[in-house]
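A.B. asks: Sequence plus the predicted model coming up.
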Amino acid sequence: MSAMSNSDGVAAMMAEIGQKARSAARVLATAPGAQKDKALLAAADAILAGEDAILAANAKDLEAARANRVAASFIDRLTLNADRIAAIATALREVADLPDPVGVEIARWQRPNGLDIARVRTPLGVIGVIFESRPNVTADAGALCLKAGNAVILRGGSDSFFSSRAIHDALVEGLSAAGLPEAAIQMIPTTDRAAVGEMLRGLDGSIDVIVPRGGKALVARVQEEARVPVFAHLEGLVHIYLDKSADLSMAVDVIANAKMRRTGICGAAETLLVDRAAVKTHLKPVLDALASRGCEIRGDAEIQAVYAGAATATEEDWHTEYLDSIIAVKVVDGIEGAITHIQTYSSNHTEAVIAEDPKVVEAFFNRLDSAILLHNASTQFADGGEFGFGGEIGIATGKMHARGPVGVEQLTSFKYLVRGTGQTRP
């Protein structure tokens, strides 16, 4: 088959997927909440029942990844085991337990002329989700979109191709059990990159919004080429500022967790900024705790002068999302120095301050504009499940429509219902 004919074949396949999604979206828009929940609960049961098949599929993906000598952090994101499969099923049940957002009245008021106006939540329609190595995103995205009354078209990375398809099979089983269209959650059945291009062009108007979840290169391509709205999920260049007023024991625990609990997630801390007034009291215990857990320390000249184990940090380190057991550390002049650094280098994803001084916390919260700001808590809480959203498709770092964890409510829009008694406009 020629390259042109293959491209034509992908285009035709994608157009059909888009048409099926649009038809399914019309059904989902008015589907009762109980029916959607039944699909999610049946899918959770199917995930657990299909554990062996999912693990076998994941083994194929892992074998290919190791053959390609990918980073350990990448392998961690890709790996499934019994506990992670159980967590996927639990997440589906948690989404089912959430209130149905569709039709919820957000606000209501009356005009002087007697018109009664209500703003109510409504599904977005068809959502395209493009993601990379995390196979659990298949379930998270499918469940959240379904709960919000949307059809979804999923395009996972080639690295998680078999794992994602196995999870998708369970989701389809759930849809079928609930009598909902199987096209409500579709998985692109090819690794051909041309399929991504077709999604970004909107599939002839079938896709209403694109959600990219992956590295900088993927998000940049989506933002550059998309002809439909995008919920941007930029890299997690996450900062922690350690103030002189911080409780030392808390600082050690929180910073170690923020960096090392799971280094490959977007909420993992990548840069530690240390108040110059805290260097003598706080720096060594914190860096010792990180180093003892296998973290490489890259520091500026002041850090290296007082901590022998630190390697040299370059300008590139302040721009880097490691997703690995590496942290860049810099001494700053208090909260002002921390804010200046974060405003210069942040991707506006997540930042944390460890401090007891309320004025420091107030300045941090008021003057920084990242999607998530935390005080005395690990940045690993930058996750929709931890916010009570029942999981999330991604962390939106833009400022339009959705920001922060994109959960069920963020996957809806709204419309106005205007009720009158015969009013006419003079």
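C.D. replies: Sure, I can see it.
A.B. asks: low pLDDT regions in this structure?
C.D. replies: 1-5, 234, 384 (pLDDT under 70).
A.B. asks: Just the helices from it, written as ranges.
C.D. replies: With helices called from DSSP state H, the chain shows them at 3-28, 33-49, 51-67, 72-78, 82-97, 136-147, 161-177, 194-200, 216-225, 248-260, 284-292, 301-306, 334-345, 358-367.
A.B. asks: Of those helices, which is nearest Ser325?
C.D. replies: helix 248-260 (6.8 Å; CB to CB). Bear in mind the C-beta positions are built from the backbone N, C-alpha and C, glycine included.
A.B. asks: Convert the closest one to CSV, retaining C-alpha atoms only.
C.D. replies: Presented in CSV, the C-alpha positions along helix 248-260 are these (Å, rounded to 0.1, in the frame of the first residue of the first chain):
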residue,chain,number,x,y,z
LEU,A,248,12.2,21.5,60.2
SER,A,249,10.7,18.1,60.8
MET,A,250,7.7,18.9,58.6
ALA,A,251,10.0,20.3,55.9
VAL,A,252,12.1,17.1,55.7
ASP,A,253,9.0,14.9,55.4
VAL,A,254,7.1,17.1,52.9
ILE,A,255,10.0,17.8,50.6
ALA,A,256,11.2,14.1,50.5
ASN,A,257,7.6,13.0,49.7
ALA,A,258,7.1,15.7,47.1
LYS,A,259,10.2,14.7,45.2
MET,A,260,10.6,10.9,45.8
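A.B. asks: From here on, call the first residue 2.
C.D. replies: With the count now opening at 2, the last piece we talked about shows up as helix 249-261.
A.B. asks: Output the contacting helices and strands for it.
C.D. replies: The helices and strands touching helix 249-261, judged by 3 or more CB pairs under 8 Å, 6 or more residues apart in numbering; DSSP states H and E, are strand 239-243, strand 270-276, helix 285-293, strand 351-355.
A.B. asks: Make CSV out of the helices of the chain and add distance to Gly392 and mean neighbour count.
C.D. replies: Converted to CSV, the helices of the chain look like this (distance: least, CB to CB, whole Å; neighbours: other CB atoms under 10 Å):
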stretch, distance to Gly392, mean neighbour count
helix 4-29, 18, 17
helix 34-50, 11, 21
helix 52-68, 18, 16
helix 73-79, 16, 18
helix 83-98, 5, 19
helix 137-148, 4, 28
helix 162-178, 13, 23
helix 195-201, 22, 21
helix 217-226, 20, 15
helix 249-261, 20, 20
helix 285-293, 29, 18
helix 302-307, 37, 16
helix 335-346, 27, 18
helix 359-368, 26, 15
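A.B. asks: Ala65 touches Gly158, doesn't it?
C.D. replies: No - with contact defined as CB atoms under 8 Å, Ala65 does not count as touching Gly158 (11.4 Å).
A.B. asks: which stretch among the helices and strands packed on helix 249-261 comes nearest Phe388?
C.D. replies: If we rank the helices and strands packed on helix 249-261 by CB to CB, the stretch that ends up nearest is strand 351-355, at 11.8 Å.
A.B. asks: got a list of contacts for the closest one?
C.D. replies: 237, 239-244, 247-248, 251-252, 255-256, 259, 267-268, 270, 336, 339, 343, 361-362, 365, 369, 371-380, 383, 396 (CB atoms under 8 Å, 6 or more residues apart in numbering).
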